[in-house]
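Student: Okay, here's the prediction I keep looking at, along with the sequence it came from:
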Amino acid sequence: MKAVLYAENLQPGTVFELGCAKVSREEILDFGRRFDPLPLHTDENAAAGSRFGGLIASGFHTAAILQRLSVEAVFSRAALIVGREIDSLRMRAPVRPGDVLHGTMEIVEVRPRDDNTAVVRSRGTLTNDSGTVVMEVRGETLWAHRPTGGSAGGVA
């Protein structure tokens, strides 16, 4: 079992490696049909005639991949209370079938509050195998501090 991460374990500049996820044609088509039914995400023939020259993942699908990686690598062991806001979500390059996306999360700022919590600003990034950034997300989450009398076991 991994140690719990509390707000005081986080320092600006800390980078968490989130792992990777391979994006399949079937996932792109399924997500597109269910949640973003534009031809770029649902119709290979129409997508082939687009400026992208083929099927691409929805930006929301890509954001969901980043969220999944973030949960598995960091949030599942964090004293995370809630997501507060997304300042920006930038889709920098298309995600195509077969792409393997690698995620990172950088802690940008930790602002302690008077209620034993802290606002944590972070930047999440997904890159593909060629090193191209495909998505950047900046936002805030609310984290708990270690309870009074708690062990010092949390580490980043």
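Tutor: Done, it's in. Numbers count the residues shown, from 1 in each chain.

Student: can you pull out the helices in the protein?
Tutor: For the chain, helices defined by DSSP state H occupy the ranges 25-35, 39-42, 44-48, 59-73.

Student: Counting neighbours, which bits of the third one end up buried?
Tutor: What that stands for is helix 44-48. Buried positions in helix 44-48, judged by neighbour count with 16 or more other CB atoms under 10 Å: residue 47. Heads up, the C-betas are built off the backbone N, CA and C, glycines and all.

Student: again, but for the shortest one
Tutor: Counting neighbours by 16+ other CB under 10 Å, one finds that the buried residues in helix 39-42 are 40-42.

Student: Would you convert those into TSV that also reports distance to residue 105 and pLDDT?
Tutor: Shown next, in TSV, are the buried residues of helix 39-42 (distance: CB to CB, whole Å; pLDDT from 0 to 100):
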residue	distance to residue 105	pLDDT
40	28	96
41	26	98
42	30	98
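
Student: which among those residues gets closest to residue 21?
Tutor: Nearest to residue 21 out of those is residue 41 (CB to CB; 17.1 Å).

Student: ok, for the closest one, nearest residue in space, not its chain neighbours?
Tutor: Distances taken as CB to CB, 6 or more residues apart in numbering place residue 32 nearest to residue 41, at 2.8 Å, with adjacent residues excluded.

Student: Nice, that's everything, thank you.
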